[in-house]
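In: No sequence on hand, only this structure:
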C-alpha cells in the first residue's frame, strides 16, 4: 500500500471512531442528566461529620447513637453509645431520651460508609424535634480504624 | 467509506445488549397505616440467546430482603425477584435499592428501585414536651390531628405518670384534639409517656406516643 493510501485509511478509521464516540455520547448524556433513576455522583447525607470533628468536641456534650442492628451493638459499640434503630423505636426512644440532654450533640453511626441506617435514624430524631443531630462519616468502621482495630467479619 | 469498524461494533453491541429484560426497574407504593410489610415483585425475562446467571442480589438496607427462586435462566425464560420491606418504625417517603449482579460483562449490575410512601394516620405536634428542673410548671399543648384519608378516631389519651396532669380539649370529636399537659412540680428530673390510642386499623389498632421529660 502506498503512503497516501495508508493515510487515507487511517483518516477513515479515525472518522469512524469519532462517529462511534459521538453516537455513544448522546444516550450517555441523556442518561447522566435526564434519566429519572440516575445514580448521583456523590451521596449527600444531611449533617454528616467526620470523626476528627467529633473528637474536637467536648465529650460531655456528645451522645453517641448506634443505629446498627441490636446484635451488632451487643457484640461491641462505641463506649456509652445508646442503641436506637427504627425496629423497636417506641421501646428504645424513651431510653434515648433518658440519656439525651438539651444542648448535646447527637452523633448517629451505623456499620460503614455504605450503610444508610444512621441517616434514617438521624432523620427520625430530627422529625422528633431533637436538635443538633449528626451522622458519623464512615460509621463504626471509621471509629475502629481510628482506634487501631480492624472490623471482624460479622461487622 | 467502508464502515469496517462501525459495522462489527454495532452487530456485536446488539447481540450483547440482549440480556435480562425487566418489566420495570422502579416501583412506587403507598402503604396503609398499620401495614407491617410491603412485598414487591420485580419480573424479568431472558431475552438473549444464551443462559443468564444471577450471581448476587444485594439490598441497600437490613430492612429489605430479596428472594430469588433460582439463579440461572435460559433464553426466553422468565423469573422474578421478591423484595420484602419491613415497615416497622418507618414513616414518610423512603427509597430502597436492590443491586442485581449477573455474569454479563456488558451490564453486570442492574439497580432496582423501590419507592415507598408510608403515611401515618395520626400526627402529633410536638412529640416531646420538655421542662427544665426548677422552672415554673407551666402548661404545654400537645396537638393531635387525624389524617382525614383514614377512618381513624382517637379513643383515649393516657399518661403513665400520676405526676403529670393531662386535660383533653376536643376540637373535633376523635379527629382533632388539644391536650393540655402540666407537671405537678419541676423539682427533680422525671420522665413520662402519653399513650394516644386509636381504633384503626380495626384488626390491630395503632397507638402513638408523646414523651414528657423534665431535665
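Out: Structure received. Note that the coordinates shown come from a computational prediction; the quantities given were computed from them, not determined experimentally.

In: residue in chain B nearest to chain A?
Out: Closest approach of chain B to chain A (CB to the nearest CB) occurs at residue B:89, with a separation of 3.5 Å. C-beta: built from backbone N, CA, C; applies to glycine.

In: before we move on, what SS does the residue lying closest to that residue once chain neighbours are set aside have?
Out: Closest residue to residue B:89 apart from its sequence neighbours, by CB to CB, 6 or more residues apart in numbering or on different chains: residue A:86 at 3.5 Å. Here residue A:86 is recorded as coil under DSSP: H, G, I helix; E, B strand; the rest coil.

In: which residues does residue A:86 contact?
Out: A:117, A:120, A:121, A:124, B:63, B:88, B:89, B:90 (CB atoms under 8 Å, 6 or more residues apart in numbering or on different chains).

In: Was I right to think the last one contacts residue B:118?
Out: Yes: counting by CB atoms under 8 Å, residue B:90 does reach residue B:118; the two are 5.2 Å apart.

In: Would you agree residue A:109 is in contact with residue A:63?
Out: No: contact between residue A:109 and residue A:63 fails when scored by CB under 8 Å: they sit 11.7 Å apart.

In: what about the helix or strand hosting residue A:65, distance to the chain center?
Out: Assigned by DSSP states H and E, residue A:65 belongs to strand A:62-66. Taking CA atoms, centre = their mean, to the nearest Å, the mean C-alpha location of strand A:62-66 is offset from the chain mean by 17 Å.

In: And stretch A:104-112, by the same measure?
Out: Counting by CA atoms, centre = their mean, stretch A:104-112 comes out at 12 Å from the chain centroid.

In: same deal with stretch A:11-29?
Out: With CA atoms, centre = their mean, you get 36 Å for stretch A:11-29.

In: can it be found next to chain B?
Out: Yes: counting by CB under 8 Å from any CB of the partner chain, chain B has neighbours in stretch A:11-29: A:12, A:13, A:15, A:16, A:17, A:19, A:20.

In: Most neighbours of all the contacts of residue A:86, which one?
Out: Sorting the contacts of residue A:86 by how many neighbours each has (other CB atoms under 10 Å in any protein chain shown) puts residue A:121 first, at 26 neighbours.

In: In contact with the residue lying closest to that residue once chain neighbours are set aside: list those residues for me.
Out: Residue nearest to residue A:121 in three dimensions, not counting chain neighbours: residue A:67, with 4.1 Å by CB to CB, 6+ apart. By CB under 8 Å, 6+ apart, residue A:67 lies in contact with A:84, A:85, A:108, A:109, A:110, A:117, A:118, A:120, A:121.

In: tell me the two of the residues you listed that are most distant?
Out: The distance between the two most remote of the contacts of residue A:67 (CB to CB) is 12.3 Å, for A:109 and A:120.

In: any idea how far residue A:73 is from residue A:48?
Out: Between residue A:73 and residue A:48 the distance is 21 Å, computed by CB to CB, to the nearest Å.

In: do residue A:67 as well
Out: 14 Å.
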